[in-house]
Every structure is written in C-alpha cells, then in structure tokens.
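Peer 1: quick one, fold the following:
(chains A and B)
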Number of protein chains: 2
Amino acid sequence: MPYTAEMIFTGDELLRGDGVNTNQSYLGERLLDLGVFATRSLCVTDDLTAIVPAIRESLARTPLVLVLSGGLGPTDDDLTREAAAEALGVPLEHHDDLLDLIRERFASRGIQMSPSNRKQAGLPRGAEAIPIAGTAPGFTITSGETLVVALPGVPWEMKEMWEGTVEPLLRERTGTGQGHAVRRIRTFGIGESLVAEMLSEFEWRGGEVEIGTKASLEGLAIILRGPATPQGQARLDGVQKRICAILGDRVFGVDGSGLPEVTGEALLRRGLTVAAAESCTGGLVAKRFTDVPGSSDYFLGGVIAYENAVKTRLLDVPEAVLAEHGAVSAEVAAAMAEGVRRLLGADCAVSTTGVAGPGGGTDDKPVGLVYIGSVVSGVTAVEELNLFRTRQQIRERAALGALDFLRRRLAAQMPED
Amino acid sequence: MPYTAEMIFTGDELLRGDGVNTNQSYLGERLLDLGVFATRSLCVTDDLTAIVPAIRESLARTPLVLVLSGGLGPTDDDLTREAAAEALGVPLEHHDDLLDLIRERFASRGIQMSPSNRKQAGLPRGAEAIPIAGTAPGFTITSGETLVVALPGVPWEMKEMWEGTVEPLLRERTGTGQGHAVRRIRTFGIGESLVAEMLSEFEWRGGEVEIGTKASLEGLAIILRGPATPQGQARLDGVQKRICAILGDRVFGVDGSGLPEVTGEALLRRGLTVAAAESCTGGLVAKRFTDVPGSSDYFLGGVIAYENAVKTRLLDVPEAVLAEHGAVSAEVAAAMAEGVRRLLGADCAVSTTGVAGPGGGTDDKPVGLVYIGSVVSGVTAVEELNLFRTRQQIRERAALGALDFLRRRLAAQMPED
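Peer 2: Sure thing, here's the model as predicted:
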C-alpha cells in the first residue's frame, strides 16, 4: 500500500481565477520525491461549512498526510485554524509565545502589529507551531494515522515551512527504509520520443529503478526514482551513468542548476566573456543570461538587430551576404556572432536569426526555422533548429538553444581535463 | 441564491506536479464573468472509485454547472465517460456518427485512427456531444438542476469547446436578465492600495456595479461587473468613465490588448520607430516589444549595455557622467536613451538602468532602484522607479515600466487629435 497525501486549498481567489495554484504542483512533486502519492487536491471557498466536512472526509480516507494551505492570515476569511479544530473535535487555544513571535516579525519590518493579528496565535489543542517564515504561523497536528499540516498560501512562506519542517517530519514517518531517492538528469534539445527510443534498453516501470520524464520549456528531465537504501543508491548511480553516456552532450547536468546557470558557470570556469547578437529572439538570449545573479562577471551585453540595417551597420553583416542568403540564414547567423564579438570585445559570442511567426514564413523558410551561431576560441559554428508551436515557444526555445549551443561548443573546443 | 459551479479535474499528472492547472483559473474566471461562482474544484487520480463518488457528491450539492475536465482520451486511464455514466445511473452508448467524426479528424492530419480511439465515441445515455476541437469529443448532460459538462484536459481544446458550446448554453440557463457584463480597466504603475484610496468614493461591493481588482505582473486591472441589461450597461459606462478620469494616464486601455501591444499601436499610429538601451533589464524591454507579432514595423532593435564599457563605447555615455553619477542614475539613463536613438537612427528611444539584485545594493542605491529614460520628439525624460521583491520581478516591472513611460510620453508630447 503506497503512502498517500491529500491537499485542501482554501481561498476564493483560486476559484475566481485570480492566479493559478502553483502550490499544488510544487507540493505534488515534493511529495512524490518522498515516495508519497497525492491522490486528491481540493480547492474550496473560505467557508467553515465547506472546509470542515472536507477535512473530515479526507481524514476518513486516512492519508499519510493531509496538507491544508491558505487561510492562516488575520482576516475574517482566514478560517483554517477554526476549521481544523472543529474537524478534529478539539478547542482552539491561544499561545502568548506565538503572539510575541508574530509581534517581533512585524517589529523587525518596522511595522506595528494590528490587533487583528491576535487570532493568528491560536492553534488547535495538540498542534505544534511551525517556525514562522512570514507572519502567518503554520502548524502540524496528528489525527490517527494522518499528519495534518497547515501552511500559508503565500508560495515562498509555504515552501520555507515545507522544506524546513514538514519534509523532515515526513522523512521520519516514511522511515529510511521506505525513503525514495530521486535523480534528475537534465537535457536540452531532445524530445520525449527520441529519449524513449534511445533509452529503450531500460525497464521504465516496475523495475528497481523507475524511469520517467518531465518536459518543460527548460528542457527534458529524465527522472530516476528508487529506494534510498545503499543498494538502491548504487543502482541509481549505475543507471544514471549509463543514461548520461547514451545521451552524451545533450545532458547539461544532474539535479542542480538550469541551463543559463550551467552555461554561465562554464564561461566563468574558463575565465571567458560573452556577447549576444539577436534577431528573432529579440532580447531573450540576453534575458536568459542576465536572469542569473552575478552574470555581469561574464555577460558583457548584446545587440538586438531586429531591423536589417542594424545587422549591417552595427554588426558588419555584409549587405551582399544578406542579399544572397537572406536574413534567416546560416551565413548571417555566423556574421552576426562574429560582429557582436568584435563590437563588444568579448571572448565568445552567440547569435540568433529565424522566423518566429506567426507571419513571415515561406516554403523555403517556414515559421520555426532558426539559425544559431557561436564563436568560441576564434572558431565560428552554426546550428539549424526547426521549432514549432507558437511565436513565444519558438522564441524561448531558440534563446535557450543558443545558450545550449554555446555550452556544447565550450565543452567541445575548450574541454576541461 | 447565487449560481454556483463545481469542477472535477482528473489526471495523475496534475497531482504529481507535472504542470500547473491553468484550466481551473481559466474556468473560474470565465464562470465569474457569467455571474456563476465556482465553489469547489477537485483534482482526483484516474480511478473510478475516486471519480464516481466525487461526481455524485457534487450533484448532491446541486450546482448550476459541474465541469469535468480531462479523461476523454483513448487510453485505459481515460475514465470520464464511464464515471459520468455510472454516477448518473445511465448506460454508456456507442455513437457511430461520433466515431466517423473522430476518424475524419485523424484523416485530415494524415493519420490513421487507432482502434483504441473507438471508446471515444461512447457517451452516457442522454448526453449531447460537443463539436470536436481536437480529437477528444466532449459532452453535456443534464442531471436534475445541474448541467454536467465534460471537456478535454488539453487547454486549447477545452477553451474552444467552452467558448463555442458551453458558454452559450450557460447564458441560456442563467437567462439574459441574469447575464453579467464585465469591464476591465487596465492600468500600469499603481498599486491596489493607492487605487482603493483613489476610488474610495465608489461602493465596491453590494452596489449596482461591483468593483474589484486583479493585480498581475502586467499591471492592475479594475474589474467592473453588473447586469447586462441596457440600464446596467449604462451604469457600467458611467462608472467606467468616472474611474478612467480619476486614474488619468495610468489607464492604458479598457478590455483589449496588453501594454506591449498598446505601446506598439501608439508608435504605429504616429508612424514612429523606437530603439531600446538596456542595462538592468538585460533584454527584457526588447523582448516585450518583440513579443508582439508585427513589431518589426516600429521596433528597430537595441543595445544591451550590461558592462559599463558598452555604455560608453557604443552608446556614447560620457565617462565623466558615469564617474560622477554612477551607472544607476538619471543622467546615465538619459544618455543611454539618447545614445541608442542616435546609434540606431530611431525616432524614439527608451532605456533602463538599475539595481536588480539580489546583490549590488547600497544605502544610496538600494536593490530595486531603477531609472528609465525616454526620448520622444527630441525631448529626453527620466523617471525613477522604486521596485521590490525578487530580481526577476524587479526586472519585469522595470521593462514594462519603460514601455509604459514611452506610452505616457507619446500621449503627452504627441497627443492625437
């Protein structure tokens, strides 16, 4: 019998569509990493007559853990404390020490606590307060076999409490022998069906190491799960090593950082600077580089050459090359990368030119055709991408594709040991 | 008694965290626009023993509409047809005409239908098929007072069916007299508490026009809701007009397009081109401009001057100005905008320089301090922003702030009519 979890989210804003419930996907993934399967997730209005029966019904199904999220603030709509107490049949108790903590929190921000915050110092009898991240205290309380966890709805507060307090508790409950270990092999530029083919020698389900994939804009992760025992970890090591060998330079990391961070670190370790010349991505390559704090150590800047005149005047793309091959061509991508490297005095460069759509495609050069260029160690290289879906998806893929191309060229031309 | 809706989403992927449930927020907002309040939203595993009771319990609460989303595909995990039939106590019936439609859908894509798709032609007795958007047919069926609607989980297929079939049905059920009209007054650069203060003369709740706000990265929308009767529309017109007058140039539109589109249209109508010089936003201003298809008609390109040497060499920011005022200053923002306008030969220009964090802040120039510059009609102007939260939020706000500043300068210096 697998460990299960249920979640109850309170908040009319989630039901009115004033935002998507990112807490649910975060919690679902974190739970799965602990070997716990979320089987139900409910959003209800801020109303005791809805929340109390929902908690009772969930407890009757005896999940390992029931997560309550939201409803811990100071307003009349914040009812999770009352609802949990009522559903569990215990009184709410006021905790002066908790009130002091909340008051200190406010004071440290130079704000005086309002009288309405007093209710946040109430806990169902038997509950343990979770150390405060923001100003809304969470709590845990046991009901039969189920650990009930109440967390704020604000994502960063919720995550801090989850990772700091709830996960360690759940690891204890699931026991080391039952613990799950997870590895995420991070790739870019290969799709799910190709990966399935390349990894067809493995048993994906039902074996000792379970293999899955998770596709996102940032690339495809191959997720390995298995018992966290010493033998289990050794098996995971073995499978991870074989998969990394098969996928080769498409793997940019295991667990850890995303592609922009990994590419930045590859530049930093080699003491190199980079510049970007962008047409179809229109600033997205630079955005991806500069998303990373500290990127000014290697990213000098770039030129967005949306108009062809900018390509010729600023980046010295020869008019003849533009005329002969067109703006969307390998030749122009190469000239753009070389031009921006010279212009900004960088060690390396990347470039993009393509048809992002929805208009502008031809039979020869359809929407989604993108050339990315790179200069590494004085060597210019170009790669052709054939992307699809929407304008935004084509642009995002092309921008990350440029970073990934630079990463692969650095590894190929300037290998580390 | 207000009209209520409930939603049941099936799909283990939603519970495992392999994506966020954007369908829920979409449906919640669309329902509210019809005057229907979503009171519960449940995600359950793909399991009849979970889905059937969930449907029955929902029907017992007699919402106006119960939306089932997901589980309409051809695999063994797709159980919504069976679950709805069982919960409603009717048999599943096979429809040859529906199977023909599915077969045609596949054929039109050059794909032969697989035998597994046959089950998609089944409907609970009494159900009406919803015209197919993709290859998964949806359906509607009435149970007592409740309209049960089954839609695919794929967002674009779901939306097409919702807007094409379900909304008209719901408009009929809620009756014209009950229909809701909605206006969204779109603003940028003012927060919820300031808006609440500026609009304190209005009765926000309980009046004939209900007023609410929705904050997002793209700005703050003031949402007006009221009956869709002629008198109701006239009242909405009146409130809209008064609010727009109070909020002045912070309003960039009512309903309709986002800020990048509105700014682009303002340039297009005046026949002007624009260039961008970016420091802290690192490409985001250009990205926002070029997100819009057709932006090449007015956006020439830009320079990302992350390193100071790029600011001086390419943008002609005087070394003395950098030395005296620092890179994050009104003077440098002005010089960057003027420099990029000259360099690219554009009519107008915008610029950004600031401290995006998390490091790099000082007492004088804290994280979140951003200067945005503009050149319109030969006149240079600079605005100071004091932003907060994360690096990404500061960068996104600064980039949209630059577009908005340009929009307001265009309106002020080159008024239309």
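Peer 1: which residues of the stretch 151-300 of chain A lie near chain B?
Peer 2: By Cβ under 8 Å from any Cβ of the partner chain, the residues of the stretch 151-300 of chain A that approach chain B are A:214, A:276, A:278, A:281-291, A:293-296, A:299-300. For glycine as for every other residue, the C-beta is placed from the backbone atoms N, C-alpha and C.
Peer 1: narrow those to just the buried residues.
Peer 2: When those are checked for burial by 16 or more other Cβ atoms under 10 Å in any protein chain shown, the buried set is A:214, A:276, A:278, A:281-291, A:295-296, A:299-300.
Peer 1: low-confidence ranges, chain A, go.
Peer 2: Chain A contains residues with pLDDT under 70 at A:1-2, A:133, A:175-179.
Peer 1: give the residue farthest from the middle of it.
Peer 2: Most distant from the centre of chain A: A:A320, at 43.8 Å, with distances by Cα atoms, centre = their mean.
Peer 1: now the top helix by length along chain A: buried residues?
Peer 2: Criterion DSSP state H: the longest helix present in chain A is helix A:391-413. Buried residues in helix A:391-413, counting neighbours by 16+ other Cβ under 10 Å, are found at A:391, A:394-410.
Peer 1: what about that helix, near chain B?
Peer 2: Yes - interface with chain B: helix A:391-413 contributes A:R391, A:Q392, A:R395 (Cβ under 8 Å from any Cβ).
Peer 1: of the residues you listed, which is the nearest to B:R105?
Peer 2: A:R391 (25.3 Å; Cβ to Cβ).
Peer 1: give the contact list for the closest one.
Peer 2: By Cβ atoms under 8 Å, 6 or more residues apart in numbering or on different chains, A:R391 lies in contact with A:A356, A:G357, A:P358, B:D291, B:P293.
Peer 1: just A:G361 next, same as before
Peer 2: A:G361 sits next to A:V355, A:V367, A:G368, A:L369 when contact means Cβ under 8 Å, 6+ apart.
Peer 1: try it again at 10 Å.
Peer 2: A:V328, A:V355, A:V367, A:G368, A:L369 (Cβ atoms under 10 Å, 6 or more residues apart in numbering or on different chains).
Peer 1: the last one reaches A:V355, doesn't it?
Peer 2: Yes - shown here, A:L369 and A:V355 form a contact pair, counting by Cβ atoms under 10 Å, at 5.4 Å.
Peer 1: element containing A:I132?
Peer 2: According to DSSP states H and E, A:I132 maps onto no helix or strand at all.
Peer 1: hmm, back to that, identify the contacts common to A:L369 and A:V355.
Peer 2: Joint contacts of A:L369 and A:V355 (Cβ under 10 Å, 6+ apart) are A:C280, A:V328, A:G361, A:T362, A:L387, A:I394.
Peer 1: phi, psi of the fourth one?
Peer 2: Main-chain torsions, A:T362, degrees, to the nearest 10: phi -130, psi 170.
Peer 1: just A:S296 next, same as before
Peer 2: phi -70, psi -10.
Peer 1: list the buried residues for the helix or strand hosting A:T213?
Peer 2: Element membership for A:T213, per DSSP H and E: strand A:210-216. Neighbour-count burial for strand A:210-216 flags A:E210, A:I211, A:T213, A:K214 (criterion: 16+ other Cβ under 10 Å).
Peer 1: which secondary structure elements does it sit against?
Peer 2: The helices and strands touching strand A:210-216, judged by 3 or more Cβ pairs under 10 Å, 6 or more residues apart in numbering or on different chains; DSSP states H and E, are strand A:180-187, helix A:192-198, strand A:219-227, helix A:230-247, helix B:12-16.
Peer 1: 8 Å instead, please
Peer 2: Here strand A:210-216 touches helix A:192-198, strand A:219-227, going by 3 or more Cβ pairs under 8 Å, 6 or more residues apart in numbering or on different chains; DSSP states H and E.
Peer 1: let me know which of these is tucked in deepest.
Peer 2: Highest mean neighbour count among the helices and strands packed on strand A:210-216 (mean count of other Cβ atoms under 10 Å in any protein chain shown): strand A:219-227, with a mean of 20.
Peer 1: contact partners of it?
Peer 2: Contacts for strand A:219-227 (Cβ under 8 Å, 6+ apart): A:35, A:177-192, A:195, A:199, A:208-214, A:232-233, A:235-236, A:239-240, A:243, A:247, A:252, A:259, A:400.
Peer 1: ranges for the helices of the stretch 51-200 of chain A?
Peer 2: A:80-88, A:96-108, A:155-161, A:167-174, A:192-198 (DSSP state H, counting those that start in this stretch).
Peer 1: got the CA positions of the third one in PDB?
Peer 2: C-alpha atoms of helix A:155-161 as PDB (Å, rounded to 0.1, in the frame of the first residue of the first chain):
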ATOM      1  CA  PRO A 155       4.200  30.400  -2.000                       C
ATOM      2  CA  TRP A 156       7.600  31.400  -0.500                       C
ATOM      3  CA  GLU A 157       6.300  31.200   3.100                       C
ATOM      4  CA  MET A 158       4.700  27.800   2.300                       C
ATOM      5  CA  LYS A 159       7.900  26.400   0.700                       C
ATOM      6  CA  GLU A 160      10.100  27.600   3.500                       C
ATOM      7  CA  MET A 161       7.900  25.800   6.100                       C
END
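Peer 1: quick one: buried residues of that helix?
Peer 2: Buried residues in helix A:155-161, counting neighbours by 16+ other Cβ under 10 Å, are found at A:E157, A:M158, A:K159, A:E160, A:M161.
Peer 1: may I see those arranged in TSV, with distance to B:D46 as well?
Peer 2: As requested, the buried residues of helix A:155-161 are arranged in TSV below (distance: Cβ to Cβ, whole Å):
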residue	distance to B:D46
A:E157	32
A:M158	27
A:K159	28
A:E160	32
A:M161	30
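Peer 1: and which of these is nearest to A:L68?
Peer 2: Of those, the one sitting nearest to A:L68 (Cβ to Cβ) turns out to be A:M158, at 10.8 Å.
Peer 1: pull the residues that contact stretch A:110-119.
Peer 2: Counting by Cβ under 8 Å, 6+ apart, A:P74, A:T75, A:D78, A:R81, A:H94, A:L99, A:I102, A:R103, A:F106, A:A107, A:T135 sit against stretch A:110-119.
Peer 1: skip the chain neighbours and tell me the closest residue to the third one.
Peer 2: Pointing back at A:D78 there. In space, and not counting its chain neighbours, A:D78 is closest to A:G71: 4.8 Å by Cβ to Cβ, 6 or more residues apart in numbering or on different chains.
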